[in-house]
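>>> kindly return the folded structure for what I paste below:
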Amino acid sequence: FVYRQAPTVMSGKKITIIHQKSDIVRLQLLYMNGGIYLDVDQVVLRSLDSLL
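A predicted model of the protein is given here:
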């Protein structure tokens, strides 16, 4: 489990919608650690091995 402080401002604009905050934290984690993010409603049609 990774605890991150949720952002409150993005590009000078206040973030008030919770799913926007979680999207930003998710992108920050991917940027810092690398990896692949797949949402539960995505269907993988080809192997992801070449991306790993």
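
>>> all helices of this protein, in order?
With DSSP state H as the criterion, the chain has helices at 18-33.

>>> what is the burial count for residue 12?
Neighbouring residues of residue 12 were enumerated by other Cβ atoms under 10 Å; the total is 5. (Each C-beta comes from the backbone N, C-alpha and C, glycine too.)

>>> oh, I was asking about residue 26
13.

>>> what of residue 21?
Number of residues near residue 21 (other Cβ under 10 Å) recorded here: 17.

>>> ditto for residue 16
Neighbour count for residue 16, taken as other Cβ under 10 Å: 8.

>>> pass me the low-pLDDT residue ranges in the chain, would you?
Across the chain, the ranges flagged by pLDDT under 70 are 1-2.

>>> make it 80
Within the chain, the ranges that satisfy pLDDT under 80 run 1-6, 52.

>>> ok, and the closest non-adjacent residue to the residue minimising distance to the centre of it?
Most central in the chain under Cα atoms, centre = their mean is residue 26, positioned 2.2 Å from the mean C-alpha point. Nearest residue to residue 26 in three dimensions, chain neighbours excluded: residue 37, at 6.2 Å (Cβ to Cβ, 6 or more residues apart in numbering).
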